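coords please:
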Amino acid sequence: MPLRRTSLETTTASGLPEFGRLDRATLQTQAYQQLRKAVMGGVFRPGTVITIRAAADALGTSPMPVRAALQRLEAEGALVARGSKRTLEIPNLSIEEYHELRDIRIVLEGLAAERAVANIEAAELQEVERNCRAMQEAADAGDREGYVRANWTFHLSIYRASHMESLVAMIEGLWLRVGPYVQLMMPDRKSMVASMPDHWHMVEALKQRDGRAASQAIADDISHSAVNLMKVLKHR
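Numbering: from 1, shown residues only. Below you'll find the model as predicted:
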């Protein structure tokens, strides 16, 4: 039975987004995938509390598969325990931890962009450009939630175009940690609009088959976003 499209704009009584309902055959896997995608995509902010019951309600399933899914995310570092074993939260990063993740991202995501230049197919390039356009539209409209969703989709479409599954998996692991911070990196319309030239440079580098330029555009985007985030973290 096909899944209903996830709505990240509708929230349940628990405050979590209303996810697509799950097929009973693979409840645990689907719960894990939907929650994982939401973390990487910036749906949750740092410090967000996620209980088994609230997540089960949002996913429309029983607590058992959700408990297993949350345990997997905890093992990956996307969640940390908060007192009770039934309560988890999106972890807060220190400035030092974020600097470390930033430096690793520049290397790994830059490599993925460089390999994408060599391996991207015509349909994939069209998808990347379409995703960048969605980001631009959200930025121009001051739609932060739309921008955050489109941002992860855009980056992921580039990294998958590298056709290096192991590398993409490593990058996804990093985004489980930094995804919740994207909303803090882009606090207003001005910052979102200002971020777009770096993203369009990525698109142009892919079109020109310029690996060095693609890698540099990724580094610029990560570095510029980090400057915005540091201003927030220093005042928290």
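
for Ala38, see how far away the residue lying closest to Leu35 once chain neighbours are set aside is.
Leaving aside its sequence neighbours, Leu35 sits nearest to Ala69 (CB to CB, 6 or more residues apart in numbering; 5.7 Å). Yep, even glycine has a C-beta here, placed from its N, CA and C like the rest. According to CB to CB, to the nearest Å, Ala69 stands 11 Å off from Ala38.

same question for Arg212.
Here Arg212 is placed at a distance of 34 Å from Ala38 (CB to CB).

settle it for me: which of these two has more neighbours?
The residue with more neighbours, out of Arg212 and Ala38, is Ala38; 23 against 12, by other CB atoms under 10 Å.

hang on, that one packs against Phe44?
Yes: in this structure, Ala38 is within contact of Phe44 by CB atoms under 8 Å, at 6.3 Å.

flag every buried residue along the longest helix along the chain.
For the chain, the helix that runs over the most residues, judged by DSSP state H, is helix 95-119. Residues of helix 95-119 classed as buried by neighbour count (16 or more other CB atoms under 10 Å): 98, 101-102, 104-106, 108-117.

quick one: contacts of it?
Helix 95-119 is contacted from outside by 93, 155, 158-159, 161-164, 167-168, 170-171, 174, 177-178, 181, 202, 205-206, 209-212, 214-219, 222-223, 226, 229-230, 233-234, using CB atoms under 8 Å, 6 or more residues apart in numbering.

please narrow these to those residing in strands.
Counting by DSSP state E, none of the members of the contacts of helix 95-119 fall within strands.

what about burial for these, which qualify?
Buried, going by 16+ other CB under 10 Å: 93, 155, 158-159, 161-164, 167-168, 170-171, 174, 177-178, 181, 202, 205-206, 210-211, 214-219, 222, 226, 229, 233, out of these.

next step: the residues you listed restricted to helices.
When the buried ones among the contacts of helix 95-119 are checked against helices (DSSP H), the matches are 155, 158-159, 167-168, 170-171, 174, 177-178, 202, 205-206, 211, 214-219, 222, 226, 229, 233.

circling back: of the buried residues of helix 95-119, which pair is most distant in space?
Across the buried residues of helix 95-119, no pair lies farther apart than Tyr98 and Val117, at 27.7 Å, counting by CB to CB.

quick one: least confident helix or strand in this protein?
Lowest by mean pLDDT, DSSP states H and E among the helices and strands of the chain is strand 84-89, with a mean of 76.

would you map out the domains in the chain?
Domain assignment for the chain, taken from automatic domain parsing, gives 24-89, 95-233.

nearest to Leu16, out of those domains?
Closest to Leu16 of those, according to CB to CB: domain 24-89, at 4.0 Å.

pull the distance from the closest one to the chain's centre.
Relative to the chain's own centre, domain 24-89 is displaced by 15 Å; criterion: CA atoms, centre = their mean, to the nearest Å.
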